[in-house]
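**Q** here is my input, please return the structure:
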Amino acid sequence: MEVNKQTKLTLSLETIISGVVTLGMLIGMWFTLQADIQEAKELPPPSVSRTEYDLKDKMIRDAVLDTQEDVQEIKEDIKNIETYILNNK
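**A** Here you go, the predicted structure:
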């Protein structure tokens with residue numbers, strides 16, 4: 001195959017077969033992806049009930065409050081340790 005008079009492009013049978021196989025794989029992946037997208041569109045949307053949402057929200061809020069209480073206890077412990085160190089120099 002000649003592109004112009006000074007350039008020649010040669011393709012071996014192996015290169016052509018590799019290109020066709022690669023193109024076939026890409027087309028197969030495209031159709032598989034399209035089928036997966038169509039299937040996902042037909043599935044019902046995931047539902048989170050109000051009760052489940054409220055329970056998770058309460059659990060998160062309780063965890064935050066527990067963490068705040070723990071931090072306050074740690075601060076008090078640090079103050080006690082500082083006082084002990086300063087008094088026993």
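
**Q** going forward, measure contacts between C-alpha atoms and count neighbours the same way
**A** Will do.

**Q** quick check: which ranges of this protein have low pLDDT?
**A** Where the chain drops to pLDDT under 70, the residues are 1-3, 9.

**Q** longest single helix anywhere in it?
**A** helix 50-87 (DSSP state H).

**Q** what separates it from the chain centre, distance-wise?
**A** With CA atoms, centre = their mean, to the nearest Å as the basis, helix 50-87 stands 30 Å off its chain's centre.

**Q** may I see the buried residues of it?
**A** Within helix 50-87, no residue is scored as buried using 16 or more other CA atoms under 10 Å.

**Q** for stretch 17-37, same thing?
**A** Under 16+ other CA under 10 Å, stretch 17-37 has no buried positions.

**Q** how about the CA coordinates for it, as PDB?
**A** Output in PDB follows, covering the C-alpha atoms of stretch 17-37 (Å, rounded to 0.1, in the frame of the first residue of the first chain):
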ATOM      1  CA  ILE A  17      -5.400 -10.100  12.200                       C
ATOM      2  CA  SER A  18      -4.300  -8.400  15.500                       C
ATOM      3  CA  GLY A  19      -6.200  -5.300  14.500                       C
ATOM      4  CA  VAL A  20      -9.300  -7.200  13.600                       C
ATOM      5  CA  VAL A  21      -9.200  -9.200  16.900                       C
ATOM      6  CA  THR A  22      -8.700  -6.000  18.900                       C
ATOM      7  CA  LEU A  23     -11.500  -4.300  17.100                       C
ATOM      8  CA  GLY A  24     -13.700  -7.300  17.700                       C
ATOM      9  CA  MET A  25     -12.900  -7.200  21.400                       C
ATOM     10  CA  LEU A  26     -13.700  -3.500  21.700                       C
ATOM     11  CA  ILE A  27     -17.000  -4.000  19.900                       C
ATOM     12  CA  GLY A  28     -17.900  -6.900  22.200                       C
ATOM     13  CA  MET A  29     -17.000  -4.800  25.300                       C
ATOM     14  CA  TRP A  30     -19.200  -2.000  23.900                       C
ATOM     15  CA  PHE A  31     -22.300  -4.300  23.600                       C
ATOM     16  CA  THR A  32     -21.700  -5.900  27.000                       C
ATOM     17  CA  LEU A  33     -21.500  -2.400  28.600                       C
ATOM     18  CA  GLN A  34     -24.600  -1.300  26.800                       C
ATOM     19  CA  ALA A  35     -26.400  -4.400  28.000                       C
ATOM     20  CA  ASP A  36     -25.300  -3.800  31.600                       C
ATOM     21  CA  ILE A  37     -26.500  -0.200  31.400                       C
END
